[in-house]
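Peer 1: pasting the sequence and the predicted coordinates here, then a few questions.
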Amino acid sequence: MKTQSANLRVRLPVFVFVTEVIIVALYAAFVTYDEHADARFQTNQTNPMHNAVYRDYPFFADIQVMIFLGFGCLLAFFRLYGFGGMVFNFLTATFAIQWAVLVQGYFQFYHDGKIHLGVINLINAEFACAVVLISFGAVLGKTSPLQLLVMALLEVPMFAVTEWAVLKYLKINDAGGSILIHLFACYFGLGVTFVLYRPSLNEGHAKENTSYQSDILSVMGTLFLWVFWPSLNSALTLKGDDQHRAIVHTFIALCASTLTAFALSAMLNKNGKLTIADVQNVTLAGGVTVGASVDMMISPAAAYALGMMGCVVCMLGYKYLSPFLARHCRIQDQCGIHNLHGLTGLMSCAAGICAILMADEDVYGPSLYEIFPHRAPVEGDPKLKELQMLIPGLQSGLGRTARKQALFQVAAMFSTIGLSALGGVLTGYVLRLPYLAPPSDDNCFDDELFFEVPRDYDSPLKPSNYITAEDSAA
């Protein structure tokens with residue numbers, strides 16, 4: 001144990017300082033301000049209240065809470081791995097965001113030889129960070145901080161390339177990130193844990209347990225995620241009625257999945273009691289399930305139904321599919337990301353495809369071509385001029401039919417799953433390098449390997465002077 005921990009004294013600082021030097025050099029060479037942050041663009045005619053910061057910063061702040069408090073607390077459910085869950089989340093998130101600003105910036109905000117940086121870049125970078133943290137859930141407690149940083153180093157570029165290719169060439173609708181965030185993160189994480197498979201952990205681990213306090217902290221993380229999920233789903237939608245619908249649909253779906261989770265938890269427990277793990281995870285299923293169609297005119301009733309159905313699929317996945325995958329498919333999904341992000345992500349994609357097939361001008365009016373810009377008429381089509389009179393600034397599209405757009409959604413879904421799984425497998429082989437100080441099987445789920453811990457970190461769950469009713473009766 002001491003040897004592995006001491007290895008980080010050199011290896012972790014070397015990795016951090018080298019990457020920081022490289023990142024600051026790249027920032028100096030390629031990163032500048034965008035027009036809303038650059039003083040040279042401001043004149044006495046500029047209205048400061050029109051600055052993009054007032055439009056984008058509230059969403060950025062909400063997603064910050066989800067990233068650092070929501071995910072951090074949620075991942076602290078192991079009794080002896082609270083430091084690891086929260087602190088490694090903190091470490092990995094800060095690295096992933098600053099790295100994503102560069103990588104995503106090259107694909108999305110690069111022109112004139114510079115990456116133009118504003119709050120919107122930070123929002124996009126936090127989406128990339130969320131992808132890394134979801135994947136982290138599959139290997140929670142079984143990796144060193146150095147392994148997690150290397151995973152973020154590799155996953156962010158793979159995600160950015162996939163995101164760029166899917167949006168540029170397939171041109172899909174994915175407002176809530178069901179394809180590009182949840183499916184990518186899930187199957188990348190499953191690819192990593194497949195390669196890092198530990199046979200001995202299938203029989204359980206002495207330290208793979210929770211406590212009353214750690215479960216309460218994890219529920220706090222769930223509550224942070226639950227409250228701010230509407231911001232996650234609506235941050236990058238079109239401003240106005242689209243964003244308004246995204247917020248409403250997300251909240252309704254979360255309410256539905258929460259109520260359904262409590263009912264199913266009691267029903268599937270042989271003692272008819274609630275299981276805290278269901279509250280921590282399954283209640284969030286609605287936020288994922290509604291993601292692909294969140295800005296569309298699906299109706300509040302459909303959003304509610306999606307929340308319920310996503311919860312059922314997620315719950316059954318936790319109860320039956322996760323143990324099967326661990327025993328027979330070498331997939332030890334520590335946090336059940338396949339259930340909360342994979343299964344519900346697939347359901348969300350199916351719902352989005354149905355919504356696209358049913359979308360027409362009778363329901364949306366001329367704004368159909370704002371929400372689905374690739375269905376707008378091509379340049380030269382007389383209908384385009386008519387629409388531009390109704391919607392000033394409308395750009396020409398690709399003239400896709402609803403069916404053709406749906407087929408591109410399907411193509412994006414399967415290509416994302418394939419690329420993410422392949423990337424996860426390749427990353428897993430890199431993480432197996434002994435230089436990255438992976439913990440031994442015995443030291444998994446234990447903060448003592450990587451932290452200076454207080455004396456009582458592994459104290460019994462009840463004090464020695466606590467007398468139960470059974471003890472008193474005896």
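Peer 2: Here it is on my side, so go on. Residues are numbered from 1 along each chain as shown.
Peer 1: shaky segments in the stretch 51-200 of the chain?
Peer 2: For the stretch 51-200 of the chain, no stretch has pLDDT under 70.
Peer 1: quick one: Leu264 from Gly317, how far?
Peer 2: Distance, Leu264 to Gly317, using Cβ to Cβ, to the nearest Å: 12 Å. The C-beta positions use only the backbone N, C-alpha and C, and glycine is treated the same way.
Peer 1: brain fart, Gly307
Peer 2: Gly307 is 16 Å from Gly317, by Cβ to Cβ.
Peer 1: for stretch 56-75, buried residues please.
Peer 2: Neighbour-count burial for stretch 56-75, counted by 16 or more other Cβ atoms under 10 Å, picks out 56, 59-60, 62-64, 66-75.
Peer 1: among those residues, name the ones in helices.
Peer 2: Among these, the ones falling in helices (DSSP state H) are Asp56, Phe59, Phe60, Asp62, Ile63, Gln64, Phe71, Gly72, Cys73, Leu74.
Peer 1: the helix or strand hosting Ser214 packs against which elements?
Peer 2: Element membership for Ser214 (DSSP states H and E) is helix 212-234. In this structure, helix 212-234 packs against helix 53-64, helix 71-74, helix 241-268, helix 276-281, helix 285-289, with contacts taken as 3 or more Cβ pairs under 8 Å, 6 or more residues apart in numbering; DSSP states H and E.
Peer 1: right, so of those, which gets closest to Ala301?
Peer 2: Across the helices and strands packed on helix 212-234, Ala301 has its closest neighbour in helix 241-268 (8.8 Å, Cβ to Cβ).
Peer 1: ok, back up a step: now tabulate the ones in helices among the buried residues of stretch 56-75 in CSV and tack on distance to Ile23.
Peer 2: Converted to CSV, these look like this (distance: Cβ to Cβ, whole Å):
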residue, distance to Ile23
Asp56, 23
Phe59, 25
Phe60, 20
Asp62, 26
Ile63, 21
Gln64, 20
Phe71, 22
Gly72, 23
Cys73, 28
Leu74, 28
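Peer 1: surely Ile115 is within a strand?
Peer 2: Yes - under DSSP: H, G, I helix; E, B strand; the rest coil, Ile115 falls within a strand.
Peer 1: my guess is it meets Gly105, correct?
Peer 2: Yes - using Cβ atoms under 8 Å, Ile115 is in contact with Gly105, at 3.5 Å.
Peer 1: now for these two: what residues contact both?
Peer 2: Common neighbours of Ile115 and Gly105 (criterion: Cβ atoms under 8 Å, 6 or more residues apart in numbering): Phe30, Val31, Asn121.
Peer 1: from the residues you listed, which single one is nearest Leu259?
Peer 2: Taking Cβ to Cβ as the measure, Leu259 lies nearest Asn121 of the shared contacts of Ile115 and Gly105, at 37.5 Å.
Peer 1: which helix or which strand is home to that closest one?
Peer 2: In this structure, Asn121 sits in helix 119-136 according to DSSP H and E.
Peer 1: same question, Ala350
Peer 2: Ala350 belongs to helix 344-358 when elements are defined using DSSP H and E.
Peer 1: CA atoms of whatever helix or strand comes next after that helix as PDB?
Peer 2: Sequence-wise, the next helix or strand downstream of helix 344-358 (DSSP H and E) is helix 361-364. C-alpha atoms of helix 361-364 as PDB (Å, rounded to 0.1, in the frame of the first residue of the first chain):
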ATOM      1  CA  GLU A 361     -46.100  22.800 -40.100                       C
ATOM      2  CA  ASP A 362     -49.500  22.200 -38.700                       C
ATOM      3  CA  VAL A 363     -48.000  21.800 -35.200                       C
ATOM      4  CA  TYR A 364     -45.000  24.100 -35.400                       C
END
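Peer 1: alpha carbons of whatever helix or strand comes next after helix 361-364, as PDB, please.
Peer 2: Scanning forward in sequence from helix 361-364 by DSSP H and E, the next helix or strand is helix 368-371. Provided in PDB are the C-alpha atoms of helix 368-371 (Å, rounded to 0.1, in the frame of the first residue of the first chain):
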ATOM      1  CA  LEU A 368     -40.500  24.200 -37.800                       C
ATOM      2  CA  TYR A 369     -37.500  25.200 -39.800                       C
ATOM      3  CA  GLU A 370     -35.800  26.900 -36.900                       C
ATOM      4  CA  ILE A 371     -36.100  23.900 -34.700                       C
END
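Peer 1: for helix 368-371, give me every contacting residue.
Peer 2: Residues outside helix 368-371 that contact it (Cβ under 8 Å, 6+ apart) are 173, 238, 242, 295-296, 359-361, 364, 375-377, 387, 391, 394, 397.
Peer 1: chain center to stretch 372-379: distance?
Peer 2: 30 Å (Cα atoms, centre = their mean, to the nearest Å).
Peer 1: thinking again about what came up before, closest to Gln405 out of the contacts of helix 368-371?
Peer 2: For the contacts of helix 368-371, the residue nearest Gln405 by Cβ to Cβ is Arg375; the value is 6.1 Å.
Peer 1: phi, psi of the nearest residue to that closest one once chain neighbours are set aside?
Peer 2: Nearest residue to Arg375, sequence neighbours excluded (Cβ to Cβ, 6 or more residues apart in numbering): Arg400, at 5.0 Å. Dihedral pair for Arg400: phi -70, psi 150, per degrees, to the nearest 10.
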